[in-house]
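Peer 1: Any chance you could fold what I've pasted below:
(6 chains)
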6 protein chains.
Amino acid sequence: MTRADGRRPDQLRPVTITRNWLAHAEGSVLVEFGATKVLCAATVETGVPRWRKGSGLGWVTAEYAMLPRSTNTRSDRESVRGRIGGRTHEISRLIGRSLRACVDYKALGENSILLDCDVLQADGGTRTAAITGAYVALADAVAWMRKRRMCPGDPLVNSVAAVSVGVIGTEPLLDLCYTEDVKAETDMNVVMTGGGDFVEVQGTAEGTPFDRALLNGLLDLATAGCAELTRLQAETLA
Amino acid sequence: MTRADGRRPDQLRPVTITRNWLAHAEGSVLVEFGATKVLCAATVETGVPRWRKGSGLGWVTAEYAMLPRSTNTRSDRESVRGRIGGRTHEISRLIGRSLRACVDYKALGENSILLDCDVLQADGGTRTAAITGAYVALADAVAWMRKRRMCPGDPLVNSVAAVSVGVIGTEPLLDLCYTEDVKAETDMNVVMTGGGDFVEVQGTAEGTPFDRALLNGLLDLATAGCAELTRLQAETLA
Amino acid sequence: MTRADGRRPDQLRPVTITRNWLAHAEGSVLVEFGATKVLCAATVETGVPRWRKGSGLGWVTAEYAMLPRSTNTRSDRESVRGRIGGRTHEISRLIGRSLRACVDYKALGENSILLDCDVLQADGGTRTAAITGAYVALADAVAWMRKRRMCPGDPLVNSVAAVSVGVIGTEPLLDLCYTEDVKAETDMNVVMTGGGDFVEVQGTAEGTPFDRALLNGLLDLATAGCAELTRLQAETLA
Amino acid sequence: MTRADGRRPDQLRPVTITRNWLAHAEGSVLVEFGATKVLCAATVETGVPRWRKGSGLGWVTAEYAMLPRSTNTRSDRESVRGRIGGRTHEISRLIGRSLRACVDYKALGENSILLDCDVLQADGGTRTAAITGAYVALADAVAWMRKRRMCPGDPLVNSVAAVSVGVIGTEPLLDLCYTEDVKAETDMNVVMTGGGDFVEVQGTAEGTPFDRALLNGLLDLATAGCAELTRLQAETLA
Amino acid sequence: MTRADGRRPDQLRPVTITRNWLAHAEGSVLVEFGATKVLCAATVETGVPRWRKGSGLGWVTAEYAMLPRSTNTRSDRESVRGRIGGRTHEISRLIGRSLRACVDYKALGENSILLDCDVLQADGGTRTAAITGAYVALADAVAWMRKRRMCPGDPLVNSVAAVSVGVIGTEPLLDLCYTEDVKAETDMNVVMTGGGDFVEVQGTAEGTPFDRALLNGLLDLATAGCAELTRLQAETLA
Amino acid sequence: MTRADGRRPDQLRPVTITRNWLAHAEGSVLVEFGATKVLCAATVETGVPRWRKGSGLGWVTAEYAMLPRSTNTRSDRESVRGRIGGRTHEISRLIGRSLRACVDYKALGENSILLDCDVLQADGGTRTAAITGAYVALADAVAWMRKRRMCPGDPLVNSVAAVSVGVIGTEPLLDLCYTEDVKAETDMNVVMTGGGDFVEVQGTAEGTPFDRALLNGLLDLATAGCAELTRLQAETLA
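Peer 2: Next up, the predicted model:
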């Protein structure tokens, strides 16, 4: 099988990570996985949410959204509808959890970092691009804080990157674009640390349920893909 | 390591599935995983959502909610807050996807089945109990429809069951109760078909990220647990 | 006239009040009036709403809701609609007012008791069943508080019970089930203290307006019905 | 006991009903019970709500609201809060039910009349003033329709008026103003037809529960008060 | 061209400003521009919004709304729709800004004045009538405060009045009524101080864009109109 | 007076208009006025809103929003708050009105064009940049439609551009950046056609009210600024 854009099954789309895309944010990145473009902005705030006050611990959270015309067919704004949809909630929570995996709350002190991930253009894999880019924005925000001696220690204890994998027909593929995603029997998002451990594994059979062998094939692809993204993140931050 | 309630690492809590718990619903089940109690009601409606009209295909969806005092500390009603939280959205979507994995939309015809899963009492594993119970309510609703010759064919092509697994310290455990869940480094929900294939795998490192070996250990436990739940479902429906 | 279920005009449906139905709540009751089943949970909280702080007085309030498939036809969740309907508001307020009639706020101290009344199955009279059951849950919650010496005195100075009465054709009937309720010309809910005084009288002519004689007949029936429910509450709490 | 404004216990406040207060509405009334001022506007619409289409029957409904500074202390707008409160819902429903008691839906044909009751100034008894005034606005709207031959018959088969009664100390009083209302042990709103039958009786013990004798005293006062209001309505419409 | 009501192009409709229309508010005015009637109520509150606390400065704000049947065709209540529309937001903000132009925040001290402008009847020019009337209510509220020595100085340093102007065909007209407003090519609202300076100029080409000469013609008309309204305000307050 | 960035009083910031910034939209532009960056996407939809169906006329509308970290201090998402703020409403309406000024609805046929203007980075003048950019996106969308012969005629009968002007101290300045905007006594937004007529004039005295001479000075500056922007638009579209 050849893929629509000629990639090998285990090949990522061209990935670019542009730092300091915004003037105001403490860290900001425009991350591109092929035609997917996500703008990630890290905001540093002193203080933590109410339920965490006085703990001495920091907090990291995220919000994900898509611009109405980031997709082929325009979708209504969630602000206009007056409520956030389930998918948006789900992805915001995933990004937040993923980034918290690389943070030492104690070293962060009672400060918060909020990561806004806004999809400017969507072509599959927006949540994994968002995590991969948000890590770099987070690293820049942490550096900004450390320069100002805002943290008691170094809060960044790990790195995270994420990639989607899926099964078309019976073949596992890395980093699906939108037209592939639509045809996939199984769709899986994998978030891994720079050290190669799993932070999150979310696999869903959209079509035929998958067996253990196929699951193993997907995990192999994702592991290699995340390693490559980790390398790109390090290169960008160097 | 012994578990708080004396179970072996690979042992489910006592599971009971009581059919026809409600008088009005086309299918209804009170499912209990230990102290976790979820009321699952299946509602049959002729017709499908607007975006599916004229397709000849049916639809299955789910809504999950917790009674305010199902938990140790009361939580505010989402109706009073005026919005549904991210966790509720996420679980409702998971239950819907899971049950759609055992349904042939064409055989269902342009009919809908809605599964309401209301947690009356929570002690960990509410979403997996909900899926396991909702399958039985769905099967009863399908039988109700077939008796009335509402479907062009047999829409039930599979069964699904679900269980949670987790890591405490470094040990994988099956079917965590609430006090275990709170201490877990990793928490994973697995949905499987009666035939032993995966429908959904959602693993999250709440603490230390997990490696491939630990992931394999969790998947082994979940596979055995789902098989046992599948047996119980079949027994109940017999 | 004979009633659908063979009852006499002045006869209650079988009433059962099961205490401690939930593990977590400070008081909890499953109350059944025939096929109507309401789960009442009492939550004790230290402190009172803002407008009452520093007064030395406690507070009691209630929230009523129906599970979507408690009724013959499913109704949408109020959390999904994003707003609470007028009927729900009205009944929550009625239950709260009714229970406050048996409480000495000073003896309660600056503590709150919130009664959640969730209708699991509806067959008429859900609000009156809720009040009757919630009183027992309240009594258990008060006992729980007194064991922990949380209250300056005994806050429970009375008991309350409630029943519906109605007119079908021209005949007054006690404790209408759903099919009777639908046919009733007049529908009245009466809340009384254990001592036989009125806390709330709400009569509505759904069809033909009613005269004073008919009103008197309804009040006679309700007085006897509440006395019987008061006896059952006392028996349950003994 | 003398009342603050020197009235006898069985005396109404000065009541004025000004028709055609608004230029646009099909019927409109400014009703005053002492310092309480409610603007009632009747809107005629061809057609009925969806659930009633094709029935050949009309519909009458009502919406009640208070201007933010109608009261001594300003209250937030419900539009700004984004939700309608329980009290507003409750009163809107009461007004709608009350006015439907004087309408023959068949004679109205598939038309709707909506009564907007906006409290410009509040001094107790706003809901009963609203019902009393809205009846006159409804009568004018019906006359407007009949002149245009919009109705198959005469939809106005009765009249309704409403008044509040209450107990201060142990004395029943008619038509409470705000300062009396605050002190009342029991508060009752009574809606009656022009023929002297009850449409709605809503009595609440805010303080001491009330016995049957007191209830009878309140009903006597309300019956006389509604008769007087009925006379005023007829005079105004003559 | 003659206008529908026989006015000259540069003539206001009959304007009346009735003070103390409400019993409870610190300042209240019923302002009428022809058939347009707006009830303006000023509420004095000690304290300021959170973002202004500790500044020593006061605050003035406004809320505008229309009664549902103030217009020829009934519009839904914004409280029922659960959200405030863009037009309402826009006008509330305009009124607040306009009135703040005549207030010295320092002399007001940390107090707030909120102006509620509720349109009872609409016939064009509701926002300009609201500003003109609200100024008088504000002046009364300030006098009320000064009598109670609540302000460190005299917060009223100017007066404001507002009027609409528009172009029908190619002719500029003052103070458009609704039927004129509908036909206007350009619609402009102008807010001016008593001294003849501009506070706000909002001109919109609903039809043909307008040139500088036409704009000048409109500004001339508005200047004369505001001067006349300023005179009426002063007369009313004298 | 010299401006912070060394510009003359009558000088625009560097303006760039990049077409086809997005892959999916029928027209899309990234417009930059100095550091202000707005992404404008035009979406073509067949059909018109309900109230316009069957008229044979098209419709053009707009939605404006700011990314949370487009500003120096992060602002909450309106989707999270569950409601759109007054400022957003106001600007969306302004953009829509402005663009409708260059469209012939009849030539558009029953089609709609929706312009999404999302501020990626804000440094003053976001609404005027949005209008200026949206015009170009609209022109591209119209060209896209005409190529597909979707319109009965040429719907683009004019062009529009917009610029802000303001007074600092007593000097009128063109195209204020954020730090200037904050200090301005008066702030005015002017929308003009390519032919030099006014579509919208919105001037507000934030500080000292302004006189006619100052107003004239502002209009002169805006006229020249809009002419320059019109030239840039034409150049870009050439």
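Peer 1: what about the longest helix in chain A?
Peer 2: Criterion DSSP state H: the longest helix present in chain A is helix A:212-237.
Peer 1: I'd like to know which elements the helix or strand bottoming out on mean pLDDT in chain A is packed against.
Peer 2: Sorted by mean pLDDT, DSSP states H and E, the helices and strands of chain A end with helix A:78-81, the least confident at a mean of 92. Helix A:78-81 sits against helix F:78-81, with contacts defined as 3 or more Cβ pairs under 8 Å, 6 or more residues apart in numbering or on different chains; DSSP states H and E. For glycine as for every other residue, the C-beta is placed from the backbone atoms N, C-alpha and C.
Peer 1: Run a quick neighbour tally on the closest residue to chain D within chain A.
Peer 2: Here the residue of chain A nearest chain D is A:G82; by Cβ to the nearest Cβ that distance is 8.6 Å. Using other Cβ atoms under 10 Å in any protein chain shown, A:G82 has 19 other residues around it.
Peer 1: what's the nearest residue to the residue nearest the centre of chain A if we skip its chain neighbours?
Peer 2: Residue closest to the mean C-alpha point of chain A, counted by Cα atoms, centre = their mean, is A:I131 at 1.4 Å. In this structure, A:I131 finds its nearest non-sequential neighbour in A:A162, 3.9 Å apart by Cβ to Cβ, 6 or more residues apart in numbering or on different chains.
Peer 1: Likewise for A:D187?
Peer 2: Excluding its sequence neighbours, the residue lying closest to A:D187 (Cβ to Cβ, 6+ apart) is A:G166, at 4.8 Å.
Peer 1: Tell me if I'm right that the one you found and A:V182 touch.
Peer 2: No: assessed by Cβ atoms under 8 Å, A:G166 is found out of contact with A:V182, at 10.2 Å.
Peer 1: who are the neighbours in contact with the residue lying farthest from the centre of chain A?
Peer 2: In chain A, the residue that sits farthest from the middle, by Cα atoms, centre = their mean, is A:G54; the gap is 29.8 Å. The contact partners of A:G54, by Cβ atoms under 8 Å, 6 or more residues apart in numbering or on different chains, come to none.
Peer 1: same check, this time on the one 4 residues further on
Peer 2: The neighbours of A:G58, taking Cβ under 8 Å, 6+ apart as the test, are A:48, A:103, A:105-113, A:151, A:155.
Peer 1: In chain A, what residue lies closest to chain C?
Peer 2: A:R83 (6.4 Å).
Peer 1: check contacts around that residue.
Peer 2: Going by Cβ under 8 Å, 6+ apart, A:R83 touches B:83-84, C:82, F:79, F:82.
Peer 1: and the residue nearest to A:I131, how far is that from A:R8?
Peer 2: Per Cβ to Cβ, to the nearest Å, A:A162 is found 20 Å from A:R8.
Peer 1: Neighbour count: those two, which is higher?
Peer 2: More neighbours surround A:A162 than the other of A:A162 and A:R8, with 27 against 10 (other Cβ under 10 Å).
Peer 1: Just give me the neighbour total for A:G6.
Peer 2: 7.
Peer 1: The strand or helix carrying A:L115 close to chain B?
Peer 2: Assigned by DSSP states H and E, A:L115 belongs to strand A:111-121. No: residues of strand A:111-121 are not located near chain B by Cβ under 8 Å from any Cβ of the partner chain, the shortest gap being 15.0 Å.
Peer 1: Please name every helix or strand in contact with that strand.
Peer 2: strand A:36-46, strand A:59-66, helix A:86-100, helix A:126-147.
Peer 1: Spit out the contact partners of A:M150.
Peer 2: A:M150 touches A:44, A:46, A:109, A:111, counting by Cβ under 8 Å, 6+ apart.
Peer 1: okay, among the residues you listed, which ones form the most distant pair?
Peer 2: Spanning the widest gap among these are A:V44 and A:G109, at 11.3 Å by Cβ to Cβ.
Peer 1: who's in contact with stretch A:165-184?
Peer 2: With contacts defined as Cβ under 8 Å, 6+ apart, stretch A:165-184 is touched by A:1, A:3-5, A:9-13, A:33-36, A:72, A:122-125, A:128, A:163-164, A:185-188, A:190, A:206-207, A:210, A:214, A:217-218, A:220-222, A:224-225.
Peer 1: sorry, back to before: what does the least confident helix or strand of chain A contact?
Peer 2: The contact list for helix A:78-81, computed with Cβ under 8 Å, 6+ apart, reads A:65, A:84-85, A:88, F:63, F:65, F:77-79, F:81, F:83-84, F:88.
Peer 1: Can you show me the CA trace of that helix as CSV?
Peer 2: Coordinates of the C-alpha atoms in helix A:78-81 are reproduced here as CSV (Å, rounded to 0.1, in the frame of the first residue of the first chain):
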residue,chain,number,x,y,z
GLU,A,78,-18.4,27.1,20.8
SER,A,79,-18.6,30.6,22.2
VAL,A,80,-21.7,31.2,20.0
ARG,A,81,-23.2,27.9,20.9
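Peer 1: mind checking how far it is from the chain centre?
Peer 2: Relative to its parent chain, helix A:78-81 has a centroid offset of 24 Å by Cα atoms, centre = their mean, to the nearest Å.
Peer 1: One more: stretch A:179-198?
Peer 2: Taking Cα atoms, centre = their mean, one finds the center of stretch A:179-198 at 11 Å from the center of the full chain.
Peer 1: can you give me the end-to-end distance of it?
Peer 2: Distance between the two ends of stretch A:179-198: 27 Å, counting by Cα to Cα, to the nearest Å.
Peer 1: buried set for it?
Peer 2: Neighbour-count burial for stretch A:179-198 flags A:180-181, A:184-194, A:197-198 (criterion: 16 or more other Cβ atoms under 10 Å in any protein chain shown).
Peer 1: re the thing from before, let me know the closest of the contacts of helix A:78-81 to F:L99.
Peer 2: F:E63 (11.9 Å).
Peer 1: Touching, the closest one and F:V119? I think so.
Peer 2: No: counting by Cβ under 8 Å, F:E63 does not reach F:V119; the two are 11.7 Å apart.
Peer 1: who touches both of those two?
Peer 2: In terms of Cβ under 8 Å, 6+ apart, F:E63 and F:V119 are not both contacted by any residue.
Peer 1: Quick check: nearest residue in space to the closest residue to chain E within chain A, chain neighbours excluded?
Peer 2: Of all residues in chain A, the one sitting closest to chain E is A:G82 (6.4 Å; Cβ to the nearest Cβ). Among residues not flanking A:G82 along the chain, F:G82 sits closest, at 5.4 Å (Cβ to Cβ, 6+ apart).
Peer 1: pLDDT score for that neighbour?
Peer 2: We have a pLDDT of 88 for F:G82.
Peer 1: before we move on, what about the one 5 residues further on?
Peer 2: Reading off the per-residue confidence, F:R87 sits at a pLDDT of 93.
Peer 1: and it, how many neighbours?
Peer 2: For F:R87, the count of nearby residues is 14 (other Cβ under 10 Å).
Peer 1: what's the answer for A:A161, then?
Peer 2: Neighbour count for A:A161, taken as other Cβ under 10 Å: 28.
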